[in-house]
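Trainee: give me the fold of what follows.
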Amino acid sequence: MTIDAISLDRMFHALSDSSRRGMIDRLGLGPASVMELAAPFPMALPTVMKHLNVLETSGLVRSAKAGRVRTYQLRQERLAELERWIGERKAGWNSAFDRLDLLLAEEEPKP
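Mentor: Okay, here's the model as predicted:
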């Protein structure tokens, strides 16, 4: 499955902020309420909600509301898509470096 450019841009944007990465790290331990996600951060609740909205818009998290409590959950499959995209680029870079190593080895002067 190929990830589209807009989704990729949204995910990288969401991960560009250290507070949002912290929320992602916390959600890696399991679902959490807004209050649990907000607790470690010295910011107002509306700011936390804006960060969570960015994460949800990016597709990295999903939320569900039960009564007055909204709970967020990490979407592992979206992180897997991002990891796959990075892995594909890494494989290409490694291949290019391997070819460069061979070329440089061929050009090394012999003693």
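Trainee: secondary structure class for the closest residue in space to Leu52 that isn't next to it in sequence?
Mentor: Take Leu52 and drop its neighbours on the chain: the residue closest to it by C-beta to C-beta, 6 or more residues apart in numbering is Tyr72, 6.3 Å away. C-beta coordinates here come from the backbone N, C-alpha and C atoms, glycine included. Following DSSP: H, G, I helix; E, B strand; the rest coil, the label given to Tyr72 is strand.
Trainee: do you know the pLDDT at Tyr72?
Mentor: Confidence at Tyr72, expressed as pLDDT, is 98.
Trainee: same deal with Val54?
Mentor: On pLDDT, Val54 comes in at 98.
Trainee: am I right that Ile3 sits in a strand?
Mentor: No: read with three-state DSSP, Ile3 is coil and lies in no strand.
Trainee: that one contacts Glu81, correct?
Mentor: Yes: judged on C-beta atoms under 8 Å, Ile3 makes contact with Glu81 at a distance of 4.9 Å.
Trainee: who has more neighbours out of those two?
Mentor: More neighbours surround Glu81 than the other of Ile3 and Glu81, with 18 against 15 (other C-beta atoms under 10 Å).
Trainee: helices and strands around the helix or strand that one falls within, which ones?
Mentor: Per DSSP states H and E: Glu81 is located in helix 76-107. The elements that helix 76-107 packs onto, with contact taken as 3 or more C-beta pairs under 8 Å, 6 or more residues apart in numbering; DSSP states H and E, are helix 5-15.
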